[in-house]
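>>> Below is the sequence, then the predicted model.
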Amino acid sequence: MAASTPALPVLIVSVVVLVDVVCGAGTIWLPLLAAGPALAATTGGPRGVLWIGLLAAVLGATLGTRDGVPGHELTAVLSGLAAVTLASGLASALRGRRERVLAAVRSVAEAAQHALLKPVPATVGPFQVAVRYSAAAAEARIGGDLYALVPTPYGVRLIVGDVRGKGLPAVGTAALVLGVFREAAYDEPDLLAVVDRIERSLARNLGADDFVTAVVAGYPQAGHLEVVNCGHAPPLLVRESGAVVAVEPAHPAPPLGLRALTDETPSLQVLAFADGDQLLLYTDGVTEARNHSREFYPLPEGLARHLSDEPADTLTALHDELLAHVGGRLHDDAALLLLRKPAASASEAAVPEAVSDAGRRGSGSRSVPSRSRASAAGAGAVDGSRAAEKSEGAAAPDIPVVTLLTEKRNPWSTA
């Protein structure tokens, strides 16, 4: 009985009994005993409700007899108490059933999250990695934002994207994008070919008004980071000195799924990515989060304020500050992925050779070794040709991020 009986309803019944004993008013206070089982229905199970109702009925009959309450009045009070107890017991049983169903749904959502948004280890290849994800729906575990980071024969590759809309349709589109990316990232030597595979798949499966903004990045060789931006918010590049730079696309491209409506195609940017540098990819649920004064969250300043050598610590501080900025709850899905290149060690110096061996084992006759063993001169020639084709787009100038993000909002926002 003690295990199944909530304490607060017992306290309520005790207070009513004490008031009746002190005041001796009889039927004036006895009907308030029904508050005990009614309150028990919100906190306990059906058994606890029945115990509280039985306790209230016994005490009510005792007090009514002591106070000389007429028999018909006492019968009416006890009948009402019994009706409230039975109704509260039924409500408690229905509440317990709904809670079990909700727990089952949440467990399914959690399983779906692990299947779609697989946990990212703290170290992937030569990088330290951290991810924070928050769905806008209060009881949801997944939403329309997506991320993935996979080691491939062509180096570490990653994607961060945002599906237009929310709810189950957005989750389905996110699953489609992630499935195609994980498959193409292993098969395609060229990062632009990975983006093309995703574009073709979305063109076949998306509606006319649907699209996905995304940033796809790769690390094909030491010191070089490739970035393809498809209508997404520009990543933030943090140099070892602490300078924060927005990686604006040299040639803006439409989101994935909308290429047929324009002549613009994604371009490949090659960035220098040295030891100690960090790259933050995020969705517009972060930069478009507003406080009570309708002010956007200043992500560049927050990143500079909480920057550390541990990506997990940086994102934890950023996420906590973001929630404090909006008052505790986000109104859009938000994803943060932080990549950091720690100082090179002797084991990391052999990464290109290891990548070549992985490519040789996983792709049969594919000529991966020639890519991973390219000489420094050959790599410089490739980067030089890319730079010429993209009209100085290969390296973004060190422009302060604050000006870029406060004066230029993403026109392809999926909110």
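Right, received. Where do you want to start?
>>> A helix includes residue 181, no?
Yes - assigned with DSSP: H, G, I helix; E, B strand; the rest coil, residue 181 falls within a helix.
>>> buried ones in stretch 322-339?
322-323, 325-326, 330, 332-339 (16 or more other C-beta atoms under 10 Å). Every residue, glycine included, has its C-beta placed from N, CA and C.
>>> remind me, longest helix of the protein?
helix 71-116 (DSSP state H).
>>> what's the following helix or strand after it?
Per DSSP states H and E, helix 71-116 leads on to strand 123-124 as the next helix or strand towards the C-terminus.
>>> Got the phi and psi for residue 160?
Dihedral pair for residue 160: phi -130, psi 130, per degrees, to the nearest 10.
>>> residues contacting it?
145-147, 214-215, 232, 281-283, 335, 337 (C-beta atoms under 8 Å, 6 or more residues apart in numbering).
>>> What helices and strands are in contact with the longest helix of the chain?
Counting by 3 or more C-beta pairs under 8 Å, 6 or more residues apart in numbering; DSSP states H and E, the packing neighbours recorded for helix 71-116 are helix 35-43, helix 46-66, helix 167-187.
>>> okay if I get those as TSV plus mean pLDDT and distance to residue 261?
As requested, these are exported to TSV (pLDDT from 0 to 100; distance: least, C-beta to C-beta, whole Å):
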stretch	mean pLDDT	distance to residue 261
helix 35-43	87	54
helix 46-66	88	59
helix 167-187	88	18
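>>> ok so, going back, now, which of the buried residues of stretch 322-339 sits nearest residue 224?
residue 339 (13.8 Å; C-beta to C-beta).
>>> so that closest one, which of the three states?
Recorded secondary structure, residue 339: strand (three-state DSSP).
>>> residue boundaries of the strands in this protein?
123-124, 127-134, 145-152, 155-163, 212-221, 224-230, 236-238, 244-246, 269-272, 278-282, 334-340 (DSSP state E).
>>> Nearest to residue 37, out of these?
Nearest of these (C-beta to C-beta): strand 127-134, 39.2 Å.
>>> For that closest one, what is the distance to the chain centroid?
10 Å (C-alpha atoms, centre = their mean, to the nearest Å).
>>> That one versus strand 212-221: what angle between them?
With axes from the mean of the first three to the mean of the last three C-alpha atoms, to 10 degrees as the basis, strand 127-134 and strand 212-221 are set at 170 degrees to each other.
>>> and residue 151, how far is that from residue 127?
10 Å (C-beta to C-beta, to the nearest Å).
>>> of those two, who's got more company?
The neighbour comparison of residue 151 against residue 127 (other C-beta atoms under 10 Å) goes to residue 127, with 21 against 17.
>>> Residue 53 and residue 88, how far apart?
Distance from residue 53 to residue 88, by C-beta to C-beta: 7 Å.
>>> so what sits against both of these two?
With C-beta under 8 Å, 6+ apart as the test, residue 53 and residue 88 both reach residue 37.
>>> who's in contact with stretch 34-53?
1, 4-6, 8-10, 12-13, 16, 55-56, 80-82, 84-86, 88-93, 95-96.
>>> same question, stretch 255-268
For stretch 255-268, the surrounding residues in contact (C-beta under 8 Å, 6+ apart) are 161, 164, 177, 191-192, 195, 198-199, 202-203, 206, 210-214, 226-232, 249-254, 386, 390, 393, 412.
>>> Try it again at 7 Å.
191-192, 195, 198-199, 202-203, 206, 210-214, 226, 228, 230-231, 249-254, 386, 390, 393, 412 (C-beta atoms under 7 Å, 6 or more residues apart in numbering).
>>> Could I have the buried ones of these as PyMOL selection syntax?
In PyMOL, this line selects whichever of those come out buried by 16+ other C-beta under 10 Å:
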select buried, resi 191+195+198+199+202+206+210+211+212+213+214+226+228+230+231+249+250+253+254+386+390+393+412
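>>> In this protein, which residue sits furthest out from the middle?
residue 68 (64.0 Å; C-alpha atoms, centre = their mean).
>>> from what I can see residue 194 touches residue 184, true?
Yes - look at residue 194 against residue 184 with C-beta atoms under 7 Å: they come within range, at 4.4 Å.
>>> So between these two, which is more surrounded?
Between residue 194 and residue 184, counting by other C-beta under 10 Å, residue 194 is the more crowded of the two (25 against 21).
>>> Including distance to residue 21, could the helices and strands packed on helix 71-116 go into CSV?
Listed next are the helices and strands packed on helix 71-116 as CSV, based on distance: least, C-beta to C-beta, whole Å:
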stretch, distance to residue 21
helix 35-43, 16
helix 46-66, 7
helix 167-187, 56
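>>> Tell me, how many residues neighbour residue 265?
Using other C-beta under 10 Å, residue 265 is surrounded by 14 other residues.
>>> Could you tell me the per-residue confidence at it?
Model confidence at residue 265, given as pLDDT, is 86.
>>> so what's the one residue sitting closest to the centre of the chain up against?
With distances taken as C-alpha atoms, centre = their mean, residue 133 lies nearest the centre of the chain, 2.2 Å away. Residue 133 makes contact with 117, 145, 335, according to C-beta under 7 Å, 6+ apart.
>>> Take those and lay them out in JSON lines including distance to residue 34.
Converted to JSON lines, the contacts of residue 133 look like this (distance: C-beta to C-beta, whole Å):
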{"residue": "117", "distance to residue 34": "49"}
{"residue": "145", "distance to residue 34": "49"}
{"residue": "335", "distance to residue 34": "50"}
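>>> what about residue 71, how many neighbours?
Neighbour number of residue 71 under other C-beta under 10 Å is 9.
>>> What distance do you get for it to residue 61?
Residue 71 sits 11 Å away from residue 61, going by C-beta to C-beta.
>>> next one: residue 132
For residue 132, the distance to residue 61 - C-beta to C-beta - is 59 Å.
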